[in-house]
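[1] structure here, sequence nowhere to be found:
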């Protein structure tokens, strides 16, 4: 009895046990088998949902073309499983775009996400890391000889974005000559990157408010390096868990933008439940900075460098502050005429308190800010630190890595609230610890601060 002589349901059950990559090989056996497999939506749907997260936000959403989407994922998998870095680099655009789609459609909880587990396994290969995650402009100077920039600005930005999603430092252990952090630090502390067009944040220098993922990548590398050094210095008391595992905290929100956009119009729902950004609660923050004399010398004491040329690597050590913020949403308002209309603008207030430098007034303050969508749909956080006596002193701009309600948190810049072109300025990041503002980290043994405006 031939395999194709089996009844339809039995044959389907047999093929459902195949790995998706093997399905294409089976379809090449003969014309009849190819005819059975080609366009078999039931079969492709089953294999897709068996191996990957359901890309639909809800069961009511229209079904994808399973027979089109699954072969794309198989092709991406085969490219990333190749041992030839040039094969991966030649298909960079397709692979990077497919990886981004997988991440955006991954399950809300990364630990249970089939997509994330699949990507983690594919990026255990160093050639995949080199070809896809290390192709931003940074790698024209930093990294190994196998890490080179992509051919266009759009692809370099996409590589930096995926590197930020990956999150784990990619510096070779023990190979100082290939370290990326001195070059990333140079980019972050180059005050020429803080302009009116960038709003002094991680945005492109063209006034579009598109995210500059190469700046975000540089900030992530600097903060990741400093956090590791700080953790070693404190005997492991501080370990930013969101940066320890690949793609940690990256996953779509359990609620769609269309659903969240209707909540502010419900009069009887508490403000916290209307909040599409999930602001209220306890947040961990790290802030890094150079000694001001070092910052000034780096930017102004040397010979003038042409605007299109980067400054040299910066190996000077930085200070770090570890801060707990207690935030509370205070208001939702409609976006302005030129703002992204998909979600409202949220206002918040709260307090920030240093866990490691209680004497530093700059790390112990009140705080206020806003959260909104950028024109391209990224989540933008703006905050202002208010010192004791009511002086508004520091401002920060950041982007939530992974989008709405992402557990990875926010990465961005801090700077003088008056936008002083001579600085100071530097990198910062924060991520949510708990929806409960009374939550205490292990090192936080003080009473919770109830003060918020």
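    Ah, there it is. Bear in mind that the values here come from a model prediction, so they are computed numbers and not experimental data. Numbering: from 1, shown residues only.

[2] pretty sure residue 79 is touching residue 86, no?
    No: using Cβ atoms under 8 Å, residue 79 and residue 86 do not qualify as a contacting pair, with a distance of 11.2 Å. To be clear about C-beta, it is placed using only N, CA and C from the backbone, and glycine gets the same treatment.

[3] of the two, which one has the most company?
    A count of neighbours by other Cβ atoms under 10 Å puts residue 79 above the other of residue 79 and residue 86, at 21 against 11.

[4] and that one, what element?
    helix 66-81 (DSSP states H and E).

[5] now do residue 411
    In this structure, residue 411 sits in strand 410-416 according to DSSP H and E.

[6] C-terminal to that strand, what's the next element?
    Sequence-wise, the next helix or strand downstream of strand 410-416 (DSSP H and E) is strand 425-434.

[7] so what's residue 125 closest to, chain neighbours aside?
    Once its chain neighbours are removed from consideration, residue 125 has its nearest residue in residue 80; the separation is 6.9 Å (Cβ to Cβ, 6 or more residues apart in numbering).

[8] go on, residue 238?
    Sequence neighbours aside, residue 231 is the residue nearest to residue 238 in space, at 5.1 Å (criterion: Cβ to Cβ, 6+ apart).

[9] what about the one you found, which helix or strand?
    helix 213-233.

[10] show the average pLDDT along that helix.
    Per-residue pLDDT values across helix 213-233 average out to 92.

[11] what do you get for stretch 122-133?
    When the per-residue pLDDT values of stretch 122-133 are averaged, the result is 93.

[12] quick check: buried residues in the helix or strand hosting residue 154?
    Assigned by DSSP H and E, residue 154 belongs to helix 153-166. In terms of neighbour count (16 or more other Cβ atoms under 10 Å), helix 153-166 has its buried residues at 155, 156, 157, 158, 159, 160, 161, 162, 163, 164, 165, 166.

[13] same thing with stretch 182-195?
    Within stretch 182-195, the residues that qualify as buried are 182, 183, 184, 185, 186, 187, 188, 189, 190, 191, 193, 194, counting by 16+ other Cβ under 10 Å.

[14] ok, these vs residue 330, which is closest?
    Minimum separation from residue 330 among the buried residues of stretch 182-195 (Cβ to Cβ) is found for residue 194, which lies at 28.4 Å.

[15] hmm, that closest one is touching residue 413, no?
    Yes: under the contact definition of Cβ under 8 Å, residue 194 touches residue 413, with a separation of 7.2 Å.

[16] mind listing the shared neighbours of these two?
    Shared contacts of residue 194 and residue 413 (Cβ atoms under 8 Å, 6 or more residues apart in numbering): 200, 425.

[17] pLDDT below threshold where in the stretch 1-150 of the chain?
    Applying pLDDT under 70 to the stretch 1-150 of the chain flags residues 1-8, 27-28, 30, 32, 110.

[18] can you do 80?
    The model of the stretch 1-150 of the chain has pLDDT under 80 over residues 1-12, 14-15, 24-39, 58-59, 108-111.

[19] which residues of it fall in strands?
    Taking DSSP state E, counting those that start in this stretch as the test, none of the stretch 1-150 of the chain falls into strands.

[20] which segments of the chain make up each domain?
    Structural domains of the chain, as assigned by automatic domain parsing, span the residue ranges 3-166, 220-434.

[21] quick one: the strands in the stretch 251-400 of the chain?
    Assigned by DSSP E, counting those that start in this stretch, the strands in the stretch 251-400 of the chain fall at 281-289, 319-333, 345-354, 365-373, 379-386, 392-400.

[22] so what secondary structure elements neighbour the fourth one?
    Read it as strand 365-373. Based on contacts counted as 3 or more Cβ pairs under 8 Å, 6 or more residues apart in numbering; DSSP states H and E, the elements that strand 365-373 packs against are strand 345-354, strand 379-386.

[23] do the fifth one as well
    Of the remaining helices and strands, those touching strand 379-386 by 3+ Cβ pairs under 8 Å, 6+ apart are strand 365-373, strand 392-400.

[24] and for the second one?
    Packing contacts for strand 319-333, counted by 3+ Cβ pairs under 8 Å, 6+ apart, involve helix 213-233, helix 271-274, strand 281-289, strand 345-354, strand 425-434.
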